[in-house]
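Colleague: After the sequence you'll find the predicted model.
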Amino acid sequence: MKTLAVIVCLAVAVSVGQADSLYCRQIGRCIVMGMARDAALAGSFVYVANHSRGLCIVNASNPESPFIAGNCTTPGWSFGVATVDSLAYVADMDGDLRIISVANPARPYEVGSCTTPGWSYAVVVKETLAFVADGVAGLSVVNVAHPQSPFLVGNCSTGDSTFGVALADSLAYVTCWTGGLRIISVANPAEPYEIGVCAGPDSAYGIAKAGDLVYVANGASGLRIIDVSDPDSAYVVGHYDTPGQAQNVAVSDCLAYVADGYSGLRVIDVSDPGNAVEVGHHDVAGYNHGVTVSGDTAYVTDSGARELRIIHYFGPSPGTEETPRARTRAKNFGPTVVRGMLSLPRDMTDFGSAKSDRVPRPALLGAAGRKVMDLKPGANDVRHVAPGAYFVHQPTAGSRQLAAVRKVVIQK
């Protein structure tokens, strides 16, 4: 009877999780009292741009019990934050760029500031330079070699309000109010200039870059994926329309974590940028503004609930997608879909135990976690199944660990 109870609990945990979640579990939260907008992770501390309450530092060494380690007020509204070594750089909207010592997280204090021509919304730092998404002023470049006396060295107008910024090599990528991505050369920080643009349908906010791709949180239009391998000719290569208002995005291991406003956190598989698909979500009351990721753990700022949430994604890793001429590979130990047949290797279905008849067999689950069909070792005919993303649920025998789940994509 005890064995049956464990199996039932495992099935509920994998198929349903929390009532408002799919393959995501909140493991901790910390009330920060401010309208938390952005977050940066460094070591065991999370630095929160906390709107009118300045910078809030959260100790997340025990993610189940995070707590406020320190605060530092700022004169404006803190919208963005970046950290390097023992310094935090805060985009303080009308309070410009503030530089705060966090060497002692319990006693942070401001060491310097720099007036920028616009309203500072986001910031990234590389070596001795800070790059600020500066609202109507475009992109501002600040020399921070001496934190006590930073100064403006360059500016590039975009003709639009900028909200997000990412940096790679000598290029800055900024998002704009009208939905566009602007690519700016900062090879000469004193004279940055625009070299590329990719227009968009709605207001663009947060941004992340990985390889030759840029991921843009595009408000009501969800997540846009842009190929910037040729900065002069950037183009949209993929898109996923989230249910809410995409505010920010972080990317880890081919998964995009999107802070989606009133629709919580959405986890998007972007292993195939042209066929992005949601594989998990965590949706609670509040307004999700910022997100940063370490491995499969997301740190989400909620300006509505005024808290930082720590959410663990335990769903499938980016999986195998069927192609019209796909061939089975000799050493593929996961499920594969080839010409309408879903094949399971025996090691996914043979538990080698006399009690294996008590363990539920693998099943194909829909995106909502509902069983579509039972599976068996070898080939399973899925030609009758509607095209889309599915999950192969692999039970465990004699274990208290959660069952393994792997994604497959069925196409016609």
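Modeller: Noted; the coordinates are in hand. Numbers count the residues shown, from 1 in each chain.
Colleague: list the contacts for residue 287?
Modeller: Under the criterion of C-beta atoms under 8 Å, 6 or more residues apart in numbering, the neighbours of residue 287 are 261-262, 302-305. Using the backbone N, CA and C atoms, a C-beta is placed for each residue, glycine as well.
Colleague: again, 10 Å this time
Modeller: Applying C-beta atoms under 10 Å, 6 or more residues apart in numbering, one finds that residue 287 lies in contact with 35-36, 244-245, 247, 259-264, 301-306.
Colleague: what does residue 124 give?
Modeller: With C-beta under 10 Å, 6+ apart, residue 124 has these contacts: 40, 80, 82, 84, 89, 91, 130-133, 164-168, 172-173, 207.
Colleague: rerun at 7 Å
Modeller: When the contact criterion is C-beta atoms under 7 Å, 6 or more residues apart in numbering, the partners of residue 124 are 82, 131, 165-167.
Colleague: picking up where we left off before, pull out the buried members of the contacts of residue 287.
Modeller: 35-36, 244-245, 247, 259-261, 263-264, 301-303, 305-306 (16 or more other C-beta atoms under 10 Å).
Colleague: Filter these down to the ones in strands?
Modeller: Taking DSSP state E as the definition of strands, the buried ones among the contacts of residue 287 contribute 259, 301-302.
Colleague: center of the chain, which residue is that?
Modeller: residue 257 (2.4 Å; C-alpha atoms, centre = their mean).
Colleague: export the ones in strands among the buried ones among the contacts of residue 287 to CSV and tack on pLDDT and distance to residue 282?
Modeller: Shown next, in CSV, are those (pLDDT from 0 to 100; distance: C-beta to C-beta, whole Å):
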residue, pLDDT, distance to residue 282
259, 97, 11
301, 97, 14
302, 96, 11
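Colleague: tell me the two of the contacts of residue 124 that are most distant?
Modeller: 82 and 166 (11.0 Å; C-beta to C-beta).
Colleague: Residue 344 bridge partners, please.
Modeller: Counting by DSSP bridges, residue 344 is bridged to residue 378.
Colleague: Could you list the low-pLDDT ranges of the stretch 201-350 of the chain?
Modeller: Within the stretch 201-350 of the chain, the stretches with pLDDT under 70 are 319-334, 338-339, 345-350.
Colleague: Run through the residues that contact residue 371.
Modeller: Taking C-beta under 7 Å, 6+ apart, one finds 363, 365 in contact with residue 371.
Colleague: so can I have CSV of the ones in strands among the buried ones among the contacts of residue 287 showing distance to residue 180?
Modeller: Shown next, in CSV, are those (distance: C-beta to C-beta, whole Å):
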residue, distance to residue 180
259, 20
301, 25
302, 28
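Colleague: now, among these, which is nearest to residue 216?
Modeller: residue 259 (12.9 Å).
Colleague: gap between the closest one and residue 250?
Modeller: 8 Å (C-beta to C-beta, to the nearest Å).
Colleague: Mind listing the shared neighbours of the two?
Modeller: Residues touching both residue 259 and residue 250 by C-beta under 7 Å, 6+ apart: residue 291.
Colleague: Quickly list the domain ranges of this structure.
Modeller: When the chain is parsed with automatic domain parsing, its domains come out as 24-313, 319-410.
Colleague: Of the ones you listed, which stretch is the most buried?
Modeller: Of all these, domain 24-313 has the most neighbours on average by mean count of other C-beta atoms under 10 Å, namely a mean of 21.
Colleague: how long is it end to end?
Modeller: Start and end residues of domain 24-313 are separated by 4 Å (C-alpha to C-alpha, to the nearest Å).
Colleague: same question, stretch 68-81
Modeller: 17 Å.
Colleague: Let me see the mean pLDDT of it.
Modeller: Here stretch 68-81 scores 97 as its mean pLDDT.
Colleague: which outside residues touch that stretch?
Modeller: 30, 32, 37-38, 40, 45, 47, 49-59, 88-95, 98, 100, 105-110, 121-123.
Colleague: Name the nearest residue to residue 388, ignoring sequence neighbours.
Modeller: residue 410 (6.4 Å; C-beta to C-beta, 6 or more residues apart in numbering).
Colleague: Hmm, residue 337 and the one you found touching each other?
Modeller: Yes - assessed by C-beta atoms under 7 Å, residue 410 is found in contact with residue 337 at 5.8 Å.
Colleague: Assumed residue 111 was part of a helix.
Modeller: No - per DSSP: H, G, I helix; E, B strand; the rest coil, residue 111 lies outside any helix segment and is strand.
Colleague: What does the pLDDT read for it?
Modeller: The score at residue 111 is 98. That number is its pLDDT.
Colleague: ok, it - contacts?
Modeller: Each residue near residue 111 by C-beta under 7 Å, 6+ apart is listed here: 99-101, 147-148.
Colleague: so which two of these are the farthest from each other?
Modeller: 100 and 148 (12.0 Å).
Colleague: mean confidence score for the host helix or strand of residue 57?
Modeller: Taking DSSP states H and E as the definition, residue 57 sits inside strand 55-59. Mean pLDDT, strand 55-59: 98.
Colleague: Show me what it packs onto, helices and strands only.
Modeller: Contact partners of strand 55-59 among helices and strands, from 3 or more C-beta pairs under 7 Å, 6 or more residues apart in numbering; DSSP states H and E: strand 45-49, strand 67-72.
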